[in-house]
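Enquirer: Next come a sequence and a model predicted from it.
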Amino acid sequence: MTHAARSLLFFLALAVCGASGYFVTLALTGISAEEPAAAVPQPEPTVPKTPPVPPSKSPQPIASYQAPQQPRQQFIVCLDPGHPSEVNDGMHKVNGVSETEINWDVSLRIKKILENTGVTVVMTKSRMEERVTNRQRANIANSAKSHLMLRIHADAGGGTGFTIYYPRKQGTKDGVTGPSQAVMQASAVASRHMHAAMAEKLKGKLKDNGLRGDEQSYVGQQQGAFTGSIFSQVPVMLIEMCFLDNKNDAEWIKVEANKNLMAHAIAAGAISYLNNR
Ligand SMILES: [Zn+2]
């Protein structure tokens, strides 16, 4: 286990133990959906690489200090709280909660946890009701040169539990075909890290529906992949946290401690990928 991983585990243990006193600051980023979207994706999408660390001119660290190979400050995660979009405003309340509000609520908790580890978080929205198209969301992740894009959603349609979707086939939307093979490969790796973390932390709490390809979703069946995947030039996944039309799932996710648990599980999955990619 690396020093970075040990530090992370220590942090997460502290964060979980301190859950009763945990409160999310509603800090927002300056990213706006009005930011002009790139008209056409780059012809050859690439997965951004972490730039090499320049040699330090500072005095040698003490012997017992082992610097992390990749300081977490270099990592950028694009957090995308799902809806309102061109597909659905997500404002309809089911079992007392709307998808838009639960996506936003949990995303702010994930943001806080990631920022506390030194990860830079770029949001695709600056307020809950802000409407951003799925193509714009991908463009925000691309423009920020994110190392990972996490799309936070909640499902409906008669199931139960959490499901992780990632692009494993190209899709076509508005005449554009994507994502690239490199993005699909990295998305598969990232999704496996995410699934391992969520399966561990949510065991016995929510049903684990495992990893699925975008093409297995309703939208994916029509266009091959989610719009947010097609236009993504960075590793991407879409997390359906639970089914809001399932009463047990909805009641579970409405509990403060469970929102925090979900956020910790997703943050742990992201950091596991970032530190091991
Ligand atoms: Zn959704």
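Expert: Nice, thanks for sending it over.
Enquirer: and L211, what is it in contact with?
Expert: Counting by Cβ atoms under 8 Å, 6 or more residues apart in numbering, L211 makes contact with I164, Y165, Y166, S191, R192, H195. All C-beta spots, glycine's among them, are computed from the backbone N, C-alpha and C.
Enquirer: Determine the set of other helices and strands touching the one helix or strand the second one maps to.
Expert: The one in question is Y165. Element membership of Y165 [criterion: DSSP states H and E] is strand 162-166. Secondary structure elements in contact with strand 162-166, counted by 3 or more Cβ pairs under 8 Å, 6 or more residues apart in numbering; DSSP states H and E, are helix 181-201, strand 208-213, strand 236-243.
Enquirer: Just the CA trace of the first one, in PDB.
Expert: Taking Å, rounded to 0.1, in the frame of the first residue of the first chain, the C-alpha atoms of helix 181-201 are listed here in PDB:
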ATOM      1  CA  GLN A 181     -11.300   3.700 -27.900                       C
ATOM      2  CA  ALA A 182      -8.900   5.300 -25.300                       C
ATOM      3  CA  VAL A 183     -11.800   6.900 -23.500                       C
ATOM      4  CA  MET A 184     -13.700   3.600 -23.500                       C
ATOM      5  CA  GLN A 185     -10.800   1.700 -22.100                       C
ATOM      6  CA  ALA A 186     -10.100   4.200 -19.400                       C
ATOM      7  CA  SER A 187     -13.800   4.400 -18.500                       C
ATOM      8  CA  ALA A 188     -13.900   0.600 -18.100                       C
ATOM      9  CA  VAL A 189     -11.000   0.700 -15.700                       C
ATOM     10  CA  ALA A 190     -12.500   3.600 -13.700                       C
ATOM     11  CA  SER A 191     -15.800   1.900 -13.600                       C
ATOM     12  CA  ARG A 192     -14.300  -1.300 -12.100                       C
ATOM     13  CA  HIS A 193     -12.700   0.800  -9.300                       C
ATOM     14  CA  MET A 194     -16.000   2.500  -8.700                       C
ATOM     15  CA  HIS A 195     -17.900  -0.700  -8.600                       C
ATOM     16  CA  ALA A 196     -15.500  -2.300  -6.100                       C
ATOM     17  CA  ALA A 197     -15.800   0.700  -3.800                       C
ATOM     18  CA  MET A 198     -19.600   1.000  -4.000                       C
ATOM     19  CA  ALA A 199     -20.100  -2.800  -3.600                       C
ATOM     20  CA  GLU A 200     -17.900  -2.700  -0.500                       C
ATOM     21  CA  LYS A 201     -19.400   0.300   1.200                       C
END
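Enquirer: buried sites along that helix?
Expert: Neighbour-count burial for helix 181-201 flags 183-184, 186-188, 190-195, 197-199, 201 (criterion: 16 or more other Cβ atoms under 10 Å).
Enquirer: Kindly report the same for stretch 251-263.
Expert: Along stretch 251-263, these residues count as buried under the neighbour rule (16+ other Cβ under 10 Å): W252, I253, N258, K259, N260, L261, M262, A263.
Enquirer: so what's the spatially closest residue to A263 that is not a sequence neighbour scoring on pLDDT?
Expert: Counting by Cβ to Cβ, 6 or more residues apart in numbering, R109 is the residue found nearest to A263 once chain neighbours are left out, at 3.5 Å. pLDDT, R109: 98.
Enquirer: Could you pull up phi and psi at R109?
Expert: Main-chain torsions, R109, degrees, to the nearest 10: phi -70, psi -40.
Enquirer: Outside of the strand holding Y165 itself, which residues are in contact with it?
Expert: Contact partners of strand 162-166, identified using Cβ under 8 Å, 6+ apart, comprise 155, 184, 187-188, 190-191, 194-195, 198, 202, 206-214, 216-217, 220, 226, 229, 236-242.
Enquirer: Now list the buried members of the residues you listed.
Expert: The neighbour count (16+ other Cβ under 10 Å) marks 155, 184, 187-188, 190-191, 194-195, 198, 202, 206-209, 211-214, 217, 220, 226, 229, 236-242 as buried among the contacts of strand 162-166.
Enquirer: can you give me the offset of stretch 126-137 from its chain's centre?
Expert: On the basis of Cα atoms, centre = their mean, to the nearest Å, stretch 126-137 is displaced by 15 Å from the centre of the chain it belongs to.
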